[in-house]
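Asker: turn this into a structure:
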Amino acid sequence: MDDYQKIGFKCGIELHNRLNTKTKLFCKCKPVFSFDKPAMIIKRKLRAVAGELGQVDVAALYEYLRDRTFFYQIYHDTTCLIESDCEPPRSVNREALEIALQVALLLKAEMPD
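Answerer: Have a look, this model is predicted:
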């Protein structure tokens, strides 16, 4: 077995879930699943460009190099321009952030800045 500390290996996990809050994390949409037929489907490929902080997202770069296509399902009652990356995110939902931090602390997770 390899010595992971010696080679500097780190592994993380990113969880996506809808919390029972009034709004989603970066917009004012309701955080509920829609069981309706999507009003629209957006087909797109990621572009590996510098974001708001001036850095290229390594996950976006990875998917760009794989030439992967993504399909976003759009619903009238639960989706907005922010979720489809057509508008910049708004201020973070503090309630959702606090819940996420509490869960991370309970799991003894290491949280990046």
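
Asker: so which residues of the chain form helices?
Answerer: Assigned by DSSP state H, the chain shows helices spanning 4-7, 58-65, 94-106.

Asker: for the second one, give me every contacting residue.
Answerer: In other words, helix 58-65. Lys45, Leu46, Arg47, Ala48, Phe70 (CB atoms under 8 Å, 6 or more residues apart in numbering). Yep, even glycine has a C-beta here, placed from its N, CA and C like the rest.

Asker: adding pLDDT, write those out as TSV.
Answerer: Shown next, in TSV, are the contacts of helix 58-65 (pLDDT from 0 to 100):
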residue	pLDDT
Lys45	86
Leu46	80
Arg47	82
Ala48	82
Phe70	88
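
Asker: just the buried ones from those?
Answerer: Burial by neighbour count, 16 or more other CB atoms under 10 Å: within those this picks out Leu46.

Asker: so where is the protein shaky, pLDDT-wise?
Answerer: Across the chain, the ranges flagged by pLDDT under 70 are 1-2, 14-17.
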